[in-house]
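Engineer: Sequence isn't available, so here's the structure alone:
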């Protein structure tokens, strides 16, 4: 089901991801990265510079080093034009004309912090970025990495609604890292290349809201005991904390998140280009459950999400996980909506 198009060498990866399509200038796209000088933003920008579907890469951050990051990347022998923008006064120019805006901006999670602890700072950042996007690039597809994603997507959506430019198919939470981790862990268990693993991860992007559908994994996970299935599920749900602890105060997942963000953006760009066979999990407005936003497989197209593919049949254990996730998810969503309403 899932697009497994990227390879370790990024040039080959993105060329494979855009297979059967030319890279003529009229079919390339402007991508803007908000938070481009951060721990996620810099490696994400590097990967996007290497993507042949990107003709213009706009890097924005409040950090004064941002023009230097852009200059650094511009020396790479890939054709995408890179420009750097710093500070709120330059934000409109960074956003203008963007086909895709990727938002990793925000403060990282530190030991002892939950994603909820990040809310107050990051909510203001996403709100202000969404306001500028609504004015200067209202048709852009917004890919939100900033945590807590469960709340940030509703915040961006409410801002777009207030500006009369809301399109639920263009405001997406990037949950790809949960899929990437699941494939990695399952690949190790099965003794196979993790890129050959396909598994939907539904729900949200924090703790118990992360629901890997192990029953739908292809090839099947080589675990028979329920206890081991539950242990794997818990590891996937808590993998972010695993990285935070391992970095011992040095930050949260940045490199794996950058890779996941680049994969997701590449899929969005392929959809914009006209590839109608691109499927990824994404967190977006939904009526599949009692939670008004939900992550599950979607098909991308020329206007963002072309089709919500649902999540299929769950087994009893997965139904239990879903029931546990929904109250937390609804609380996260309500918090985001309330933030904008104030």
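Structural biologist: That came through, no problem. If you're wondering where the values come from, they're calculated on a predicted model, not measured in any experiment. Residues are numbered from 1 along each chain as shown.
Engineer: going forward, measure contacts and count neighbours with C-alpha atoms only.
Structural biologist: Fine.
Engineer: For the stretch 51-200 of the chain, which segments count as helices?
Structural biologist: 66-74, 91-95, 119-136, 149-162, 176-190 (DSSP state H, counting those that start in this stretch).
Engineer: Where does the prediction get shaky in this protein?
Structural biologist: Flagging of the chain using pLDDT under 70 yields the residue ranges 1-27, 109-111, 113-116.
Engineer: The helices of the stretch 51-200 of the chain: which one's closest to residue 237?
Structural biologist: For the helices of the stretch 51-200 of the chain, proximity to residue 237 was assessed by Cα to Cα; helix 176-190 is nearest, at 7.9 Å.
Engineer: So what's the gap between the helix or strand that that closest one is followed by and the chain middle?
Structural biologist: Downstream of helix 176-190, the next assigned helix or strand under DSSP states H and E is strand 201-203. In terms of Cα atoms, centre = their mean, to the nearest Å, the centre of strand 201-203 is found 13 Å from the chain centre.
Engineer: So what touches strand 201-203?
Structural biologist: 178-179, 209-213, 281, 283, 294-297, 311, 322, 325-326, 329 (Cα atoms under 8 Å, 6 or more residues apart in numbering).
Engineer: quick one: the nearest residue to residue 181 once chain neighbours are set aside from residue 190, how far?
Structural biologist: Distances taken as Cα to Cα, 6 or more residues apart in numbering place residue 236 nearest to residue 181, at 6.7 Å, with adjacent residues excluded. Plainly put, residue 236 is 16 Å away from residue 190 if you go by Cα to Cα, to the nearest Å.
Engineer: Kindly report the same for residue 127.
Structural biologist: From residue 127 across to residue 190, the span is 42 Å (Cα to Cα).
Engineer: Have a look at those two and say which one is more surrounded.
Structural biologist: Set side by side, residue 127 and residue 190 show more neighbours around residue 127, with 23 against 15, by other Cα atoms under 10 Å.
Engineer: ok, the more buried one touching residue 156?
Structural biologist: Yes - with contact defined as Cα atoms under 8 Å, residue 127 counts as touching residue 156 (6.0 Å).
Engineer: most neighbours per residue, which of the helices of the stretch 51-200 of the chain?
Structural biologist: By mean neighbour count, with neighbours taken as mean count of other Cα atoms under 10 Å, helix 149-162 ranks first of the helices of the stretch 51-200 of the chain at a mean of 25.
Engineer: And the strands in the protein?
Structural biologist: 29-34, 54-61, 81-86, 100-103, 141-144, 171-173, 201-203, 210-212, 279-285, 293-301, 304-308 (DSSP state E).
Engineer: Give the burial count for the residue lying closest to residue 277 once chain neighbours are set aside, as a bare number.
Structural biologist: Excluding its sequence neighbours, the residue lying closest to residue 277 (Cα to Cα, 6+ apart) is residue 299, at 7.1 Å. When neighbours are defined as other Cα under 10 Å, residue 299 has 22 of them.
Engineer: try residue 87
Structural biologist: Neighbours of residue 87 using other Cα under 10 Å come to 12.
Engineer: Could you double-check that it sits in contact with residue 62?
Structural biologist: Yes - between residue 87 and residue 62 there is a contact at 4.5 Å, judged by Cα under 8 Å.
Engineer: Roughly how far does residue 251 sit from residue 105?
Structural biologist: From residue 251 to residue 105 the distance is 14 Å (Cα to Cα).
Engineer: So which of these two has more stuff around it?
Structural biologist: Between residue 251 and residue 105, counted using other Cα under 10 Å, the more crowded position is residue 105 (26 against 17).
Engineer: Once you drop chain neighbours, what's closest to residue 267?
Structural biologist: residue 278 (6.2 Å).
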